[in-house]
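>>> When you get a sec, could you give me coordinates for this:
(one chain, ligands or ions: 1)
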Amino acid sequence: MFHTILIANRGEIACRIARTARALGCRVVAVYSDVDAGAAHVAAADVAVNIGGARPADSYLRGERIIQAALETGAQAIHPGYGFLSENPDFVAAVAAAGLMFIGPSESAIRAMGLKDAAKALMERAGVPVVPGYHGADQDPAHLAGMAEMIGYPVLIKAVAGGGGKGMRLVERAGDFAAALASAQGEAATAFGNANVLIEKYITAPRHIEVQVFGDGTRALHLFERDCSLQRRHQKVIEEAPAPGMTDAVRAAMGQAAVRAAEAIGYKGAGTVEFIVDGSGPPRADGFWFMEMNTRLQVEHPVTEAITGVDLVEWQLRVAAGEPLPLAQGDLGITGHAFEARLYAEDVAAGFLPATGRIAHLAFPAGVRADTGVRSGDAISPWYDPMVAKVIVHGPTRDIALARLAAGLEGTEVAGTVTNLGFLARLARHPGFAAGQVDTGLIARDLAGLLPDIGVDPASDALAAVMLGGFPADPGAGFTLWVPLERRVDLVESGRLIAARAVLDDAGATVRLDGGAVTVARGPQGWTMPGRRAVLTDAALHVFDGTGACRSYALVDPLARDVAAGAGAGITLSPMPGLVKAVFVTAGQAVAAGDRLAILEAMKMEHTLTAARDGVVAEVLTAAGAQVEAGAALIRLEDAA
Ligand code: ADP
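Coordinates of the predicted model:
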């Protein structure tokens with residue numbers, strides 16, 4: 001075994017690799033960019049080396065600089081993780097040239113699978129079924145159109161150098177082919193510097209089922225399949241193992257095809273052979289086709305670990321260090337069922353728009369494996385993938401594992417940035433998904449029903465009012481004479497002003513809100529509300545309601561409250577503490593509902609504050625550059641004369 005390895009990556013995968021490496025007694029060297037100096041993966045390592053600026057091209061993609069860091073710190077081997085340099089054959093060659101070991105396949109194996117067209121041709125020769133289609137060299141548009149006609153519509157145009165769904169176009173009929181081809185080629189040229197495409201039969205109701213393989217450079221074995229059919233725009237969202245409806249016969253056929261693929265290129269280490277599967281009925285031995293091979297550890301590898309009991313990173317390190325494969329095919333079996341959900345900082349309702357922000361609070365319930373590269377207080381920066389965590393569960397059956405996934409997501413707490421948690425929790429409760437009817441179109445078809453509805457929640461408002469209102473949580477203290485029995489509490493949540501009046505009594509408090517009265521109980525642990533959990537951080541009081549939603553409350557600045565009381569409605573309040581970056585209006589200016597008034601930078605994110613209604617700006621109570629508290633009055637509107 002190596003005494004020191006360098007991990008050429010960041011985030012959750014760097015933390016994940018460090019965990020196993022250190023458990024094996026191996027010293028871990030981290031590399032980091034300027035913005036990652038305080039990141040979790042640096043804290044998880046024994047030694048860390050700064051390799052440059054925030055942009056990946058200035059740090060995590062600088063192969064020579066990373067190799068130099070390995071040599072300087074006495075590392076014997078480099079683990080690339082996934083993404084960044086993990087599938088870059090030139091990097092593999094440079095690592096070897098420096099006398100270091102690359103923890104992964106050979107340069108030639110990566111090259112063989114690097115382009116989709118060459119990989120398909122190679123797999124055809126190795127007897128692996130490939131999707132019917134054209135992957136030849138002739139890129140003449142008329143020729144390609146002819147091929148599409150021969151394959152039969154619908155067809156899929158794919159960039160040969162593609163990845164992440166880029167340069168891919170579905171074409172339903174011949175009349176649309178020329179335009180789709182031009183746009184796929186244009187996107188491919190920009191994204192990959194290679195405009196070449198291939199044409200494939202489009203499999204309707206497709207499922208994405210992939211096989212985990214592991215090779216020693218000559219022989220390979222497989223660790224069964226993962227179903228990654230729950231996708232949105234060709235990106236995986238929830239993965240599971242084994243695949244629903246899989247039979248032993250089809251599993252054996254897919255496993256053998258995957259092993260043939262790996263052995264055809266002398267594969268060493270962990271890899272994944274991706275197949276597209278006809279999902280119109282149960283999986284068939286003649287109903288799966290090779291799509292591509294990922295020559296690295298995959299994001300969703302933990303579901304395979306959960307059902308096989310194998311630590312894939314441990315195997316990677318052992319095999320790279322020259323040990324034989326730890327087990328034989330016959331020693332491997334499947335126990336139970338596992339799911340993984342990818343938790344991202346993204347705004348699902350806004351079309352899955354990636355988000356940034358400082359994670360004010362992050363916690364996972366007992367019973368889940370949470371692989372994460374961020375901690376409470378860490379930032380999701382705009383420079384890298386906005387993944388917050390992978391939530392992984394295991395159970396004896398698919399139903400039990402899925403129930404654990406739903407409960408695990410509903411019990412997860414993230415505050416400080418918008419995330420897809422509520423969406424994932426709904427997906428885990430989707431009846432079609434529960435029935436195993438998974439295909440890559442499920443999310444798009446049912447998107448409306450999967451969007452969480454984060455409306456006003458009086459129970460959360462009431463709990464926040466007593467907790468932030470300074471009422472004693474200790475039951476004994478509630479009756480001291482200096483405590484007023486009734487108090488007004490003004491709160492702000494997502495820019496919404498809440499005027500609450502709380503009255504203390506023996507059992508707890510009654511909170512009067514706009515919509516009525518809500519009772520908050522006082523238990524031995526303090527204020528409680530069924531189904532709600534509250535966490536206080538520097539930034540705010542965050543209330544979780546078990547749907548994945550987080551509502552963050554702050555007290556309203558009393559001065560702002562007085563202005564608001566004196567002037568009636570029409571006050572734009574600061575939704576959270578922050579810096580006013582810009583003010584777009586001046587006193588006397590007429591505005592329409594929705595017009596931009598100002599920009600607030602808070603929690604490392606810019607928030608645009610807009611006019612709630614038509615009116616005229618009566619007063620601008622702030623200025624660009626001002627630091628403001630939550631609930632501070634910023635702009636007052638009045639009705640047009
Ligand atoms: P990329 O490398 O860009 O991710 P892939 O070839 O891996 O592209 O395909 C990504 C996804 O696109 C698959 O998981 C599947 O959902 C869909 N897909 C790919 N090929 C086909 C096909 N022939 N028919 C239907 N869907 C396909």
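>>> hey, what's the closest residue to D58 other than its chain neighbours bridged with?
Sequence neighbours aside, G52 is the residue nearest to D58 in space, at 4.4 Å (criterion: CB to CB, 6 or more residues apart in numbering). All C-beta atoms are positioned from the backbone trio N, CA, C, and that covers glycine. Applying DSSP bridges to G52 yields these beta-bridge partners: S33.
>>> If I follow the layout properly, G52 ends up in contact with D34?
Yes: taking contacts as CB atoms under 8 Å, G52 lies within contact range of D34: 7.1 Å.
>>> SS state for the residue in the stretch 351-500 of the chain that the ligand sits nearest to?
Residue nearest to the ligand within the stretch 351-500 of the chain: T440 (3.8 Å; CB to the nearest ligand atom). For T440, the assignment made with DSSP: H, G, I helix; E, B strand; the rest coil gives coil.
>>> Grab the nearest non-local neighbour of it.
By the measure of CB to CB, 6+ apart, the closest residue to T440 outside its immediate chain neighbours is Q231, 4.8 Å from it.
>>> Could you name the specific helix or strand carrying that neighbour?
In this structure, Q231 is located in strand 220-232 according to DSSP states H and E.
>>> Which elements pack onto that strand?
Applying 3 or more CB pairs under 8 Å, 6 or more residues apart in numbering; DSSP states H and E, one finds that strand 220-232 contacts strand 206-216, strand 235-241, helix 248-264, helix 301-308, helix 442-445.
>>> partners of that strand, with directions?
strand 206-216 (antiparallel), strand 235-241 (antiparallel).
>>> Among these, which comes closest to T586?
Put simply, out of those the one that sits nearest T586 is strand 235-241, at 44.1 Å, with distance taken as CB to CB.
>>> And the closest one, what's buried?
Using 16 or more other CB atoms under 10 Å as the burial criterion, the residues of strand 235-241 that qualify are 236-241.
>>> so for that strand, what's the average pLDDT?
Averaging pLDDT along strand 235-241 yields 96.
>>> Flag every residue of the stretch 1-150 of the chain that's near the ligand.
Proximity of the stretch 1-150 of the chain to the ligand is confined to V131 under the rule CB under 6 Å from any ligand atom.
>>> Could you point out which residue ranges in the stretch 1-150 of the chain have low pLDDT?
Counting by pLDDT under 70, the stretch 1-150 of the chain shows no low-confidence range.
>>> mind listing the helices for it?
Read by DSSP state H, counting those that start in this stretch, the stretch 1-150 of the chain holds these helices, from start to end of the chain: 11-23, 40-43, 63-72, 89-97, 107-114, 116-125, 141-151.
>>> out of the ones you listed, deepest packed?
Comparing those by mean neighbour count (mean count of other CB atoms under 10 Å), helix 11-23 ranks first with a mean of 22.
>>> Show me the contact partners of that helix.
The contact list for helix 11-23, computed with CB atoms under 8 Å, 6 or more residues apart in numbering, reads 5, 7, 9, 28, 30, 39-41, 44-46, 79, 81-83, 297, 299, 311, 313-314, 317, 371-374, 384-385, 387, 389-390.
>>> Any of these buried? List them.
Listed as buried from the contacts of helix 11-23 are 5, 7, 9, 28, 30, 39-41, 44-45, 79, 81-83, 297, 299, 311, 313-314, 317, 371-374, 384-385, 387, 389-390; burial here means 16+ other CB under 10 Å.
>>> Okay, and which of these map to strands?
Secondary structure from DSSP state E places 5, 7, 28, 30, 79, 371-372, 387, 389-390 of the buried ones among the contacts of helix 11-23 in strands.
>>> Between these, which sits nearest A69?
Using CB to CB as the measure, the one of those that approaches A69 most closely is A30, at 9.4 Å.
>>> Nearest spatial neighbour of the closest one, chain-adjacent residues omitted?
Among residues not flanking A30 along the chain, A45 sits closest, at 3.5 Å (CB to CB, 6+ apart).
>>> And for V29?
Spatial nearest neighbour of V29, excluding adjacent residues (CB to CB, 6+ apart): L6 at 4.1 Å.
>>> what is that neighbour paired to in the beta sheet?
With DSSP bridges as the criterion, the beta-bridge partners of L6 are V29, I78.
>>> count of neighbours near it?
Burial of L6 is recorded as 31 neighbouring residues (other CB atoms under 10 Å).
>>> residues contacting it?
The contact partners of L6, taken as CB under 8 Å, 6+ apart, are 28-31, 66, 69-70, 73, 75, 77-79.
>>> and if you look at G408?
G408 makes contact with 364-365, 367-368, 391, 393, according to CB under 8 Å, 6+ apart.
>>> Buried ones only from those residues, please, as a ChimeraX command.
For the buried members of the contacts of G408, the matching ChimeraX selection, counting by 16+ other CB under 10 Å, is:
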select :364,368,391,393
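>>> Which of the contacts of G408 fall in strands?
Secondary-structure check on these using DSSP E: residues within strands are 391, 393.
>>> Serialize the contacts of G408 to TSV and add fields for distance to the ligand.
Output for these, formatted as TSV (distance: CB to the nearest ligand atom, whole Å):
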residue	distance to the ligand
F364	28
P365	30
G367	30
V368	25
V391	21
V393	23
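>>> Turn the contacts of G408 into CSV, columns for pLDDT.
Written out in CSV, the entries for the contacts of G408 read as follows (pLDDT from 0 to 100):
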residue, pLDDT
F364, 98
P365, 98
G367, 95
V368, 98
V391, 98
V393, 98
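>>> nearest residue to L71 other than its sequence neighbours?
Excluding the flanking residues, the one nearest L71 by CB to CB, 6+ apart is A98, at 6.4 Å.
>>> wait, isn't the one you found in contact with I67?
Yes: between A98 and I67 there is a contact at 4.8 Å, judged by CB under 8 Å.
>>> quick revisit: I'd like to know which of the strands paired with strand 220-232 lies nearest to the ligand.
Of the strands paired with strand 220-232, the one closest to the ligand (CB to the nearest ligand atom) turns out to be strand 206-216, at 3.8 Å.
>>> Many thanks, have a good one.
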